[in-house]
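Novice: just a sequence and a predicted model for now, questions to come.
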Amino acid sequence: MLPGTQETLPMPYVFVGDEAFPLKKYFMRPYPGRSINSQEKRVFNYRLSRARRVVENAFGIMSQRWRILFKMMCASQAKAVKVVQGLCVLHNFLCIVGDPIYVPPGYADTPERMGNSRRLLES
């Protein structure tokens with residue numbers, strides 16, 4: 001659901017990256033620094049950066065906790081997909097239950113308080 005609306009729209013899956021990646025239909029990247037001339041573009045870049053950080057944290061945590069992700073898997077593509085999906089489910093479960101051994105405090109980036117984020121966007 002988009003902010004400020006009551007309707008749900010189908011959203012495509014996309015990859016999230018930085019300016020080093022090419023602009024494609026299936027790939028979201030920030031507006032380049034020289035073209036950020038509006039508040040909307042600054043907000044978009046900020047939110048995209050936050051999304052990318054969440055993904056990087058999750059993959060960082062998962063690859064450190066489950067070493068099978070740290071190297072090439074010797075498995076069929078179908079089996080590799082199932083392994084990764086299973087690890088994603090385990091990761092989400094352990095994060096939801098707040099297992100301090102799985103993700104100790106300070107182990108991953110934490111989001112800033114909303115007030116600080118707004119000030120950054122308004123400058």
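Specialist: Sure, I can see it. Numbering: from 1, shown residues only.
Novice: for the rest of this, base every contact and every neighbour count on C-alpha atoms.
Specialist: Noted.
Novice: distance of the residue nearest the centre of the chain from Gly17?
Specialist: The C-alpha lying nearest the average C-alpha coordinate of the chain belongs to Val55 (CA atoms, centre = their mean; 2.8 Å). Using CA to CA, to the nearest Å, Val55 is found at 10 Å from Gly17.
Novice: again with Tyr26
Specialist: Distance of Tyr26 to Gly17, computed by CA to CA: 11 Å.
Novice: which residues in the protein form helices?
Specialist: 39-65, 77-96, 114-122 (DSSP state H).
Novice: could the ones you listed be laid out in JSON lines, adding mean pLDDT and distance to Gln6?
Specialist: Conversion of those to JSON lines gives the following (pLDDT from 0 to 100; distance: least, CA to CA, whole Å):
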{"stretch": "helix 39-65", "mean pLDDT": "89", "distance to Gln6": "21"}
{"stretch": "helix 77-96", "mean pLDDT": "92", "distance to Gln6": "27"}
{"stretch": "helix 114-122", "mean pLDDT": "44", "distance to Gln6": "23"}
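Novice: for stretch 62-78, buried residues please.
Specialist: Residues of stretch 62-78 classed as buried under the neighbour-count rule (16 or more other CA atoms under 10 Å) are 62, 69.
Novice: which residues touch that stretch?
Specialist: Applying CA atoms under 8 Å, 6 or more residues apart in numbering, the contact partners of stretch 62-78 are 80, 87, 91, 102.
Novice: how about JSON lines for those, with neighbour count and distance to Pro30 added?
Specialist: Listed next are those as JSON lines, based on neighbours: other CA atoms under 10 Å; distance: CA to CA, whole Å:
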{"residue": "Ala80", "neighbour count": "15", "distance to Pro30": "31"}
{"residue": "Leu87", "neighbour count": "18", "distance to Pro30": "29"}
{"residue": "His91", "neighbour count": "19", "distance to Pro30": "28"}
{"residue": "Tyr102", "neighbour count": "14", "distance to Pro30": "32"}
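Novice: including distance to Gly4, could those go into a markdown table?
Specialist: Below are the contacts of stretch 62-78 laid out as a markdown table (distance: CA to CA, whole Å):
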| residue | distance to Gly4 |
| --- | --- |
| Ala80 | 39 |
| Leu87 | 34 |
| His91 | 31 |
| Tyr102 | 36 |
